[in-house]
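*Asks:* any chance you can model this:
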Amino acid sequence: MSRIVRNCVVVLVALLWFVPTYLLLVNGLTSVSHYTGSPRWFPNSFGLFANVRSAWKLAGLGPAMANSLYYAAVSSAAAVLLASLAAFAAAVMPVRRRTLWFWLIYTGTLLPLQVFLRPLFLAYANTGLYDTQIGMVVIYVAIAIPFAFFVLRNFAAGLPPEVIEAARLDGASWWRLFRSIYLPLSRSAMVAAFVFQFVAVWNDLLFGITLATSRNIRPVMAALADLQGNYSNVGPPVVLAGALVVSLPTVVLFFASQRFFVSSLKLNV
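*Replies:* Next up is the predicted model:
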């Protein structure tokens, strides 16, 4: 009986989570001319392609998505690589005060990002990084490292110490250990951390509207927010169609890397 109740609860929660996605699809499919002003539960017309064309043109989603793809891919890869180096040092190498190093790095996730906005804005304005692609990559790498370090450090702590000891007895250097043993074993965890950080950078709006203003620099969420600012002019279906297009890359990435993601969770459990 308890199993049936548990399954029913899981199905109910899944349905509740699906409701916003369903409304996004239905209202994004509805043509602007047939939209009555209130959310629709069933489509009465098909205007998805026209809505997507309008959103693509008005918000400049093409260049913005290219910018976000560049920011998310480069910054996530760099953050995962740096975090893997830090995790290897903090969990495998015989460094002093491992717990202190862990908290020094992980503390970056404990403070709200809004705390850093003013000093970051002033620093970017004074150093010429404001409204530049390299400036956006730098801040995204910085905010992605702590969580990636948390995932990879926990994974590294679970590696069999006998493997490390045997390699050290055979004369392997720490760099050889990292390159030949740690990286292959932690591949699934690195992919999972990359997916997490890619989605976080792709969905970022805070730094996108604070540290960038040009249309050729701003990320896709800033462009989508600009389209939403013209909500009354373009109509809700156009905004929702734009949101639907913007969400597709992260969905594709998750399903493409699902095997690594699931295996990483199993290993950490």
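*Asks:* show me the shaky parts of the protein.
*Replies:* 1, 27-29, 32-43, 45-47, 162, 164-165, 170, 172, 229-235, 259-269 (pLDDT under 70).
*Asks:* how about the strands in it?
*Replies:* Ranges of strands in the chain, per DSSP state E: none exist.
*Asks:* what's the longest helix in it?
*Replies:* As assigned by DSSP state H, the longest helix anywhere in the chain is helix 61-91.
*Asks:* run the chain-centre distance for that helix.
*Replies:* 9 Å (C-alpha atoms, centre = their mean, to the nearest Å).
*Asks:* check which residues of it are buried.
*Replies:* 61, 64-65, 67-69, 71-84, 86-91 (16 or more other C-beta atoms under 10 Å). (Glycine included, C-beta is placed from N, CA and C.)
*Asks:* roughly how far apart are the residue nearest to residue 121 when sequence neighbours are not counted and residue 219?
*Replies:* Of all residues not flanking residue 121 in the chain, residue 210 sits nearest, at 6.2 Å (C-beta to C-beta, 6 or more residues apart in numbering). Applying C-beta to C-beta, to the nearest Å, the value for residue 210 to residue 219 is 11 Å.
*Asks:* who's more crowded, those two?
*Replies:* Using other C-beta atoms under 10 Å as the criterion, residue 210 and residue 219 rank with residue 219 on top: 29 against 19.
*Asks:* which residues sit in contact with that one?
*Replies:* Going by C-beta atoms under 8 Å, 6 or more residues apart in numbering, residue 219 touches 64, 67, 68, 71, 136, 202, 204, 205, 208, 212.
*Asks:* skip the chain neighbours and tell me the closest residue to the fifth one.
*Replies:* Pointing back at residue 136 there. residue 71 (5.4 Å).
*Asks:* distance of the one you found from residue 116?
*Replies:* 17 Å.
*Asks:* I am finished for the moment; much appreciated.
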